[in-house]
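K.L.:
I'll drop the sequence and a predicted model, then ask my questions.
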Amino acid sequence: MNRRALMALLGAAMAVPKALAAAPAGARPGIVKPPRLRSGDTVGLIEPAGFTDDAFDLDMVKETIIAMGLKPKPAKHLVDRYGYLAGTDADRAADVNAMFADPEVRAVFATRGGWGCARILPYLDFAKIRANPKLLIGFSDITALHLAFAARAGFVTIHGPNAASSWPRFSWDAFRALAFDGATPTLTNPEGHEDRLVQRNGRIRTFRSGKANGRLLGGNLTVLSTLMGTPWVPDFEGAILFIEDVSEQPYRIDRMLTQLSLAGVLGKVAGVVFGQCTECGPSGASYGGFTLSEVLQQHLGALRVPAFQGAQFGHVASQFSLPVGCRAEIDADAGTIRLLEPAVR
């Protein structure tokens with residue numbers, strides 16, 4: 001090696017940040033924990049996707065936040081409408097940026113999902129967002145924000161009910177444990193109480209036995225699959241992939257899981273949890289077609305990692321809150337998700 005090349009290498013080594021230089025090979029930087037919520041905190045309300053055009057519904061949203069012991073702060077464009085979106089892409093993104101820059105706001109709730117979060121990703125100020133870690137709460141189309149934040153912001157967000165969700169006791173207790181108490185619970189489906197010999201509700205189905213741990217990444221399968229090939233997807237190496245969906249026929253689930261497989265995602269993960277797939281049966285006559293369970297068996301059973309179906313998250317009233325980016329351990333035989341670290345500080 002000549003002197004010029006040697007000096008270039010030495011210069012590059014000296015330019016490595018101390019935190020990275022001290023990190024062991026293969027280690028990922030520690031994820032940042034947003035501050036926990038406390039009674040009396042102000043939280044922002046945004047609509048980064050679809051719009052809400054009923055004043056009664058928005059009143060219910062604000063009252064729900066107040067019932068949590070928090071103070072709602074509506075975004076500037078919360079009641080806007082642009083086609084089927086809650087305002088223009090630039091305005092919806094401006095609301096997200098403003099809420100993370102606002103020192104009064106301690107967390108940010110999406111009021112609803114729909115479609116549109118992916119459209120605002122290029123307009124988000126991730127330097128500003130990274131500098132102001134706060135809990136972002138929501139699910140469904142909000143998956144696009146969770147994934148982008150995991151890729152670009154470096155702090156925990158919560159895949160949980162939107163502000164306009166019904167918030168039954170199960171959902172509220174699960175969210176409060178994470179966001180207020182900083183707890184690390186083991187998430188287990190509630191026991192069924194049907195008048196039948198064998199309970200149908202709350203069941204899980206194991207595709208591959210065993211336990212696995214990794215950071216939780218995922219959300220809505222449709223949203224995740226449409227983000228493949230974009231710069232807004234985090235690295236799934238060693239992750240616990242959790243996915244759910246609504247109103248999708250088995251062949252569409254097959255198509256999307258095939259896409260994740262071909263994109264290399266399924267080959268990277270340490271484990272998979274498929275939650276609820278609401279209204280995902282075949283439409284019309286389907287003789288000879290695959291059922292959802294058969295599709296999942298084909299894709300998840302073929303993986304050499306623990307995988308199960310039926311965890312209580314997705315488009316259902318009672319659902320877990322899952323901290324995106326936190327480490328967790330799954331037990332595919334018991335159908336549990338055990339958090340290994342708190343979501344907040």
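P.N.:
Sure thing, it's come through. Predicted model, so just to flag it, every value in this text is computed and none were measured. Residues are numbered from 1 along each chain as shown.

K.L.:
hang on, isn't Lys33 packed against Gly325?
P.N.:
No: counting by C-beta atoms under 8 Å, Lys33 stays clear of Gly325, with 9.3 Å between them. Heads up, the C-betas are built off the backbone N, CA and C, glycines and all.

K.L.:
After the longest strand belonging to the chain, heading C-terminal, what element do we hit next?
P.N.:
Determined from DSSP state E, the single longest strand within the chain is strand 211-220. Downstream of strand 211-220, the next assigned helix or strand under DSSP states H and E is helix 221-227.

K.L.:
Not counting that following helix itself, show me its contacts.
P.N.:
Applying C-beta atoms under 8 Å, 6 or more residues apart in numbering, the contact partners of helix 221-227 are 117-118, 140-141, 143-144, 147, 218, 233, 243-245, 248, 253, 256-257, 259-260.

K.L.:
So what's the gap between that helix and the chain middle?
P.N.:
Taking the mean of its C-alpha atoms, helix 221-227 sits 12 Å from the chain's own mean (C-alpha atoms, centre = their mean, to the nearest Å).

K.L.:
Quick check: buried residues in the helix or strand sitting right after that helix along the chain?
P.N.:
Following helix 221-227 in sequence order, the next helix or strand is strand 240-246 (DSSP H and E). Buried residues in strand 240-246, defined by neighbour count with 16 or more other C-beta atoms under 10 Å: Ile240, Leu241, Phe242, Ile243, Glu244, Asp245, Val246.

K.L.:
cool, and stretch 42-53?
P.N.:
By 16+ other C-beta under 10 Å, the buried positions in stretch 42-53 come out as Val43, Gly44, Leu45, Ile46, Glu47, Pro48, Ala49, Gly50, Phe51, Thr52.

K.L.:
so can I have CSV of these showing distance to Ala177 and pLDDT?
P.N.:
Below are the buried residues of stretch 42-53 laid out as CSV (distance: C-beta to C-beta, whole Å; pLDDT from 0 to 100):
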residue, distance to Ala177, pLDDT
Val43, 17, 98
Gly44, 22, 98
Leu45, 22, 98
Ile46, 24, 98
Glu47, 27, 98
Pro48, 25, 98
Ala49, 27, 98
Gly50, 29, 97
Phe51, 31, 96
Thr52, 28, 93
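
K.L.:
Inside strands: which ones of the residues you listed?
P.N.:
Reading strands off the buried residues of stretch 42-53 with DSSP E, I get Val43, Gly44, Leu45, Ile46.

K.L.:
Need the pLDDT of the nearest residue to the third one once chain neighbours are set aside.
P.N.:
This means Leu45. Excluding the flanking residues, the one nearest Leu45 by C-beta to C-beta, 6 or more residues apart in numbering is Pro74, at 4.9 Å. The confidence metric pLDDT takes the value 98 at Pro74.

K.L.:
mind listing what Pro74 touches?
P.N.:
Counting by C-beta under 8 Å, 6+ apart, Pro74 makes contact with Gly44, Leu45, Leu58, Lys62.

K.L.:
quick one on the thing from earlier: if I look at Lys33 and Gly325, which residues touch both of them?
P.N.:
Taking C-beta under 8 Å, 6+ apart as the criterion, Lys33 and Gly325 both touch Phe155, Val156.
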